[in-house]
Structures are given as C-alpha cells and as structure tokens.
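Chemist: Below are the sequence and a predicted model; questions follow.
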Amino acid sequence: MKSLEAEAWEDFLDMTVSQAILWAASNIYPEKSRSEIAACEPYFIGSHSGGSGAWVSGPEDINTPYKWGYGNMTTVKGLFSAGDGTGASSHKFSSGSHAEGRWAAKEAVRFILANNTLPNVAGVDELKAKCLKPLDTYAANCKFTSDPMINPNYILPMQFMFRMQKIMDEYAGGVVSAFKTSKALCDRGLELMVMLKEDAEKMGAKDRYDLERCWENYQRMWQGEAHLRTILFREETRWPGYYFRADKPKMDPAWKVFCNCTYKNGTWEFVKRDVVELMP
Ligand SMILES: Cc1cc2nc3c(=O)[nH]c(=O)nc-3n(C[C@H](O)[C@H](O)[C@H](O)COP(=O)(O)OP(=O)(O)OC[C@H]3O[C@@H](n4cnc5c(N)ncnc54)[C@H](O)[C@@H]3O)c2cc1C
C-alpha cells in the first residue's frame, strides 16, 4: 500500500506542481500534517467533469440522432470544437481530448476542402474598431484622474475580472458559497450580470496584454451567464459535489437529459436533449 500511495502522490504532483508550491508556502508537510482540499474544481470544465461545453455533431459510426454532416462541428457552420470545449461527455480527460482534437481537426480539414471559396466577410473595419476599443477608451480617459487605476470612465480588466468572479462565486455556486446556489441566488446573480454587461462596454486597456484580458473577460462573462441560466433551467442537482441547487438538492430522473442553450438576437433559448445510452 505504501508504494502504491507513493506512486499516487508522484502522479498527483506531476500534474499539480502548484500543490507542492502551496504546501511550501503554507508550511505543510503532507506526510505529517493535514492539507486542505476543495470539494470540487471550481472551473468550467467541459470534458473533465460536468459534461458542459459546445454541442457538436457526433461521429458517424455511433447511433445517435445528433449528426449534421461533419464530426465535431458545432451548430455554427464551420466552427469546430474538441476536448474541454465540447460537452456531452463528462470524462474525456487528457487522452480523450487529444483523440477528439485529432478527429475534429481532420473533420475541419474535410470541411475546408469542401468549402474552399473565400468567404465574403463584411464589416472588417467595424470589427477591428470594436476589438481595439478598450485601448481607445483608456487612452482617451486615463489622464482624467491622477491615478489611472481609478477612473469613472473605464473599468480595467483586472477589476472587471474580480467583479465577475465575485458574482459567479457568490451566486452561481462557487467556492465561497461551498458550491451551493438556489433559484433566488441565480436570479440575483443574473441581475448583477446585467450591470456587469453594461460596464463591459467600458473596459479600458493600457496595452495589448490588457486588451487580451479584456476580451477574455468578455467571453467569460457570456460563458458565466450561460452557466447561471443553465443552472436555473435544470431544476435538480445533477452533479452533487460540483454544485448543489440547495432548493432542488436531489437528482431527478426526469432531468436525466442534456440542457442546451442558445443565444440569438438578444434571446436565450433552452432545450432538453435526450441522453442516448450507448451501452445500456
Ligand atoms: C485541476 C484539473 C485536474 C485534472 N486532472 C486530470 C487527470 O488527472 N487526468 C487527465 O487525463 N485529465 C485531467 N484533467 C483534464 C485535462 O487536463 C483536460 O481535459 C485537457 O487538458 C483538455 O485539453 P484541451 O486541449 O481540450 O484544453 P486545454 O488543455 O485547456 O487547451 C486549451 C488551450 O487553448 C488556449 N486558449 C484559450 N483561449 C485562447 C485564445 N483566445 N486564443 C488562443 N489560445 C487560447 C489555452 O491557453 C490552452 O492552452 C484535469 C483538469 C483540471 C483542470
């Protein structure tokens, strides 16, 4: 048992170097003292656990109704996803993500070869201006206050990130709420999201690094909202330990389904999709 345990520790530390750093930083000797653990990994992890992620077309040789031509193509034509980016499978891990990545890339090449005309992309200049807007917002306003960190005309990406993280943590079943949430908390979280979205238009970037962080925030904000709304839609607790709906703490067989959400022209839509048992 001792040698098995040593091997397990070695495997664990191989992939979690930061754990050793944390022990060193907090004077923990794991063989002598206790180490705190979190009950969950508070991230959006598609394939690692939870099964969340993009809804993609399944492979031809597996009997499901979920196929629309190219393997691993999302419901957006020409957009492919794999690994942690795709949902509907809760345990792909590293090797499964790698295999799926190869498959998705091959299917993407097949799509490109069949659709090899240059798309007519309109509005490039507008898109470029939109992408660079946080740099402009910062440059136009940073001299307005004596400290550019504090400014009524923009929000810096680090400040935005902390605010978004706080909303998700406190209202969407994050670590500070011990992974618990409820309808009332999700509803309040969504109200706060409305204001966050308003302020997202005012993100300011002092350099290109900041600009990247702004867009990362922007995309995470939409991901966060989709997550909150999906927790609300699913009236049960499907993954106890990862998050609990305190007002619906049980797994309900009626909810043994996938929940898909789409956002189009300002409207969110939710549908249930049957789980097809491959090995009943
Ligand atoms: C804490 C933890 C423990 C885990 N333990 C295990 C384990 O024991 N065994 C196991 O097999 N699996 C484990 N996994 C799961 C495994 O790590 C993932 O399933 C796998 O890494 C997913 O691979 P991926 O290529 O899909 O995504 P990732 O490895 O996340 O790769 C995505 C890449 O895209 C980059 N990226 C993101 N946005 C952009 C952008 N806009 N432009 C350019 N690049 C971008 C990211 O920087 C990243 O490098 C664990 C995961 C976590 C989080």
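Modeler: All right, it came through fine. Numbers count the residues shown, from 1 in each chain.

Chemist: Could you count how many residues lie near the nearest residue to G83 once chain neighbours are set aside?
Modeler: Closest residue in space to G83, ignoring its immediate chain neighbours: S97 at 3.1 Å, by CB to CB, 6 or more residues apart in numbering. (Glycine included, C-beta is placed from N, CA and C.) When neighbours are counted by other CB atoms under 10 Å, S97 registers 20.

Chemist: With K77 instead?
Modeler: By other CB under 10 Å, neighbour count at K77 equals 11.

Chemist: before we move on, what about the one 10 residues further on?
Modeler: For G87, the count of nearby residues is 19 (other CB under 10 Å).

Chemist: re the thing from before, and the strand or helix carrying the residue nearest to G83, what's buried?
Modeler: Per DSSP states H and E, S97 falls inside helix 93-114. Neighbour-count burial for helix 93-114 flags 96-97, 100-101, 104, 107-108, 111 (criterion: 16 or more other CB atoms under 10 Å).

Chemist: coming back round to it: test my guess that the residue nearest to G83 contacts H91.
Modeler: No. With contact defined as CB atoms under 8 Å, S97 does not count as touching H91 (10.6 Å).

Chemist: Dihedrals phi and psi, M73?
Modeler: phi -80, psi 140 (degrees, to the nearest 10).

Chemist: For the stretch 51-200 of the chain, which residues score under the pLDDT cut-off?
Modeler: Within the stretch 51-200 of the chain, no stretch has pLDDT under 70.

Chemist: Which residues of the stretch 51-200 of the chain lie near the ligand?
Modeler: Within the stretch 51-200 of the chain, the positions adjacent to the ligand are 83-85, 92-95, 97, 101 by CB under 6 Å from any ligand atom.

Chemist: Stretch 114-130 spans what distance, first to last residue?
Modeler: 32 Å (CA to CA, to the nearest Å).

Chemist: now swap in stretch 71-80 and tell me
Modeler: So stretch 71-80: terminal residues 8 Å apart, CA to CA.

Chemist: ranges for the strands of the protein?
Modeler: Assigned by DSSP state E, the strands in the chain fall at 180-181, 244-245, 257-264, 267-274.

Chemist: can you list the residues that contact the third one?
Modeler: Residues from elsewhere that reach strand 257-264, judged by CB atoms under 8 Å, 6 or more residues apart in numbering: 51, 55, 75, 87-88, 222, 226, 229-230, 233-234, 268-275.
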